[in-house]
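> What follows is a protein structure lacking sequence information:
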């Protein structure tokens, strides 16, 4: 159970993310997958099928998987094109939250909206949190020819993001299985 549940929960999330990337419905599949995976993890933790540390590792891995999935799809099927930045605008979005103890924190994110001139006309626009290019200058962009994933600035690193969630999932399996083996050994001994 300790080894199988993290793999099952991760598999549920990946199935829904693949549906989001390749089937009609897009982001609704992502939301459904998050609800299913995080709900299954919460249920398993509350019913003591998964201990705290493996659950925390798996929660971290699931969050990183959702955050990285679009990049993985773009690495697999994205087209790399050099465009000219025709227009660039920046905007800052600020959110403020107060916790239960009354502490207030403010977080600001700068978004850069680009209008692009690309061969073939695609993509025409891109929004990024990185200041990737300037007006009149070339900018390498990777985009999804199916149009399901938003374009982003091209990166020179490939496949590195997949190892962190995979390592966290493996750690959750090892810690959970190790705990189960220790409990069984104590029970029998």
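Received the coordinates, thanks. Everything numeric in this text was worked out from a predicted model, so none of it was measured.
> low-scoring pLDDT stretches of the protein, where are they?
For the chain, the stretches with pLDDT under 70 are 1-3, 156-160, 184, 187-189.
> quick check: domain ranges of it?
Split into domains by automatic domain parsing, the chain comes to 4-77+160-188, 79-143.
> Quick one: closest of these to residue 154.
In terms of CB to CB, the element of those nearest to residue 154 is domain 79-143, at 3.8 Å. (C-beta placed from N, C-alpha, C; glycine too.)
> if you skip the residues just before and after it, what's nearest to residue 97?
residue 105 (5.9 Å; CB to CB, 6 or more residues apart in numbering).
> what's the answer for residue 52, then?
Leaving out its chain neighbours, the residue that sits closest to residue 52 by CB to CB, 6+ apart is residue 45, at 7.5 Å.
> My guess is that neighbour contacts residue 57. True?
No: when contacts are counted by CB atoms under 8 Å, residue 45 is not listed as touching residue 57 (11.8 Å).
> between the two, who's got more neighbours?
Neighbour count, other CB atoms under 10 Å: between residue 45 and residue 57, residue 57 has more, with 22 against 18.
> Who are the contact partners of that one?
Taking CB atoms under 8 Å, 6 or more residues apart in numbering as the criterion, residue 57 is in contact with 168-169, 171-172, 175.
> Tell me if it really is in a helix.
Yes: applying DSSP: H, G, I helix; E, B strand; the rest coil, one finds residue 57 inside a helix.
> how close does it get to residue 177?
13 Å (CB to CB, to the nearest Å).
> next one: residue 66
Taken as CB to CB, the span from residue 66 to residue 177 is 25 Å.
> Same check on residue 112?
From residue 112 to residue 177 the distance is 45 Å (CB to CB).
> Next: residue 48.
Distance check for residue 48 against residue 177: by CB to CB, it reads 16 Å.
> In contact with residue 27, which residues?
residue 20.
> which phi and psi does it have?
Per-residue torsions, residue 27: phi -60, psi -20 (degrees, to the nearest 10).
> Against which helices or strands is the longest strand anywhere in the chain packed?
As assigned by DSSP state E, the longest strand anywhere in the chain is strand 79-98. In terms of contacts (3 or more CB pairs under 8 Å, 6 or more residues apart in numbering; DSSP states H and E), strand 79-98 is packed against strand 104-117, strand 138-143.
> looking at these, which is buried most?
strand 138-143 (a mean of 19; mean count of other CB atoms under 10 Å).
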